[in-house]
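Asker: sequence first, predicted coordinates after that:
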Amino acid sequence: MQKRKAISLLSGGLDSALATRIILDQGIDILGLHLSSPFGCHADVEKVAQSLNIPLKIINKEEAYLELVRNPKYGYGKNMNPCIDCRIYMFEIAHNVMNEVGADFIITGEVLGQRPMSQRKGAMEIIDRDSHMKGLILRPLSAQNMPETVPEREGWVDRQRLLNISGRGRTEQLALAEQLHLSGYTAPAGGCLLTDASFSEKLALFFKTRAQPTMTEARLLRYGRFFNLNEETFVLLGRDQAENEKLEELSRQAVNQEQMAFFMPIFSGPAAVLSGQYSDPIINEVGQLIVRHSKKSDAGKWPINVRRGEKETCILVQQTSSFELPVITT
């Protein structure tokens with residue numbers, strides 16, 4: 001019999017790792033596929049792939065994904081989470097990879113009833129249909145609760161060795177992971193930032209500010225306080241040293257290309273990233289924000305290094321009592 005090959009969508013979490021292992025144990029060759037999102041949970045997916053002893057391909061979601069999040073065909077969940085549209089987008093990419101490498105089907109760690117928007121039977125049927133993958137998406141953890149897929153019907157995998165897990169609990173998955181000595185996965189936690197109310201508020205303001213947002217800007221949003229300065233401009237202020245460093249790291253390329261500016265105070269205070277208009281009044285406004293949120297509260301002029309492109313200058317900011325804070329989200 002011809003040896004079959006599958007693409008497994010690996011999140012780095014427990015469910016996708018388990019689903020992959022179940023199919024590996026049936027003798028299927030598997031390529032792990034991770035779609036990196038600016039809004040996804042932080043997971044060391046490389047460790048998962050290594051523990052499963054499978055190759056891994058990582059693809060970054062692109063600007064088209066931001067447009068999907070802004071205007072989802074099937075709407076949002078409780079916050080700004082377009083889960084159905086997101087799954088369709090992911091499966092379309094996985095379908096392309098499947099064709100590129102000559103794989104036969106796709107594996108996911110989805111569990112029936114675990115997510116209220118996308119992991120219902122009706123939603124899964126829409127996702128499979130719109131991604132043109134009907135019958136080729138195997139969900140091993142809940143397969144026995146669902147119609148047979150092509151891999152089951154054709155005998156590529158044994159349906160009797162698949163599971164019938166449903167609901168939001170993880171007791172069965174955790175017990176199975178221990179039984180299989182599975183390691184490397186991220187413990188079940190909060191997941192996608194788009195389900196978070198506070199982050200959704202920040203993202204909604206961001207979309208109002210940026211008509212054509214970039215993935216660099218989107219990646220920065222998970223760090224710092226967000227201030228909407230005008231219809232074209234926003235700034236992010238770090239809340240601690242770790243966020244200061246992350247803002248600098250993620251903005252570095254855009255700053256070098258003069259698409260953003262990076263502000264670093266020469267005193268104990270928050271770093272800032274500016275995206276949008278770059279003018280003396282805007283620079284002063286960012287400086288005022290930095291001083292206002294620093295540990296320096298007494299009078300004086302505070303030096304801040306500003307870097308944009310190859311040019312770095314030092315500005316002196318004197319806090320003014322008349323300065324009004326712009327729109328902010330936490």
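Answerer: Great, that's in hand.
Asker: rest of the way, CA atoms for contacts and neighbours
Answerer: Fine.
Asker: and Glu100, what helix or strand is that in?
Answerer: According to DSSP states H and E, Glu100 maps onto helix 83-101.
Asker: alpha carbons only: can I get that helix in CSV?
Answerer: What follows is helix 83-101, C-alpha atoms only, in CSV (Å, rounded to 0.1, in the frame of the first residue of the first chain):
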residue,chain,number,x,y,z
CYS,A,83,-12.8,32.5,14.1
ILE,A,84,-14.6,31.0,11.1
ASP,A,85,-12.9,33.3,8.6
CYS,A,86,-9.6,32.7,10.3
ARG,A,87,-9.9,28.9,10.0
ILE,A,88,-10.8,29.2,6.3
TYR,A,89,-7.7,31.4,5.7
MET,A,90,-5.5,28.9,7.5
PHE,A,91,-6.9,25.9,5.6
GLU,A,92,-6.5,27.6,2.3
ILE,A,93,-2.8,28.1,3.1
ALA,A,94,-2.5,24.5,4.3
HIS,A,95,-4.2,23.3,1.1
ASN,A,96,-1.5,25.1,-0.9
VAL,A,97,1.3,23.5,1.1
MET,A,98,-0.4,20.1,0.8
ASN,A,99,-0.4,20.4,-3.0
GLU,A,100,3.2,21.7,-3.0
VAL,A,101,4.6,18.7,-1.0
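Asker: so for it, what gets flagged as buried?
Answerer: 83-95, 97-98 (16 or more other C-alpha atoms under 10 Å).
Asker: can I assume Tyr65 sits in a helix?
Answerer: Yes - counting by DSSP: H, G, I helix; E, B strand; the rest coil, Tyr65 is located in a helix.
Asker: tally of neighbours for it?
Answerer: For Tyr65, the count of nearby residues is 18 (other C-alpha atoms under 10 Å).
Asker: quick check, pLDDT for it.
Answerer: In this prediction, Tyr65 carries a pLDDT score of 94.
Asker: ok, now which ones touch it?
Answerer: Contacts for Tyr65 (C-alpha atoms under 8 Å, 6 or more residues apart in numbering) come out as 86, 89.
Asker: before we move on, back to that, and the helix holding Glu100, average pLDDT?
Answerer: Helix 83-101 comes out at a mean pLDDT of 96.
Asker: can you get me a residue count around the nearest residue to Gln257 once chain neighbours are set aside?
Answerer: Ranked by C-alpha to C-alpha, 6 or more residues apart in numbering and with sequence neighbours excluded, the top spatial neighbour of Gln257 is Gly309, at 5.5 Å. Residues lying near Gly309 (other C-alpha under 10 Å) number 16.
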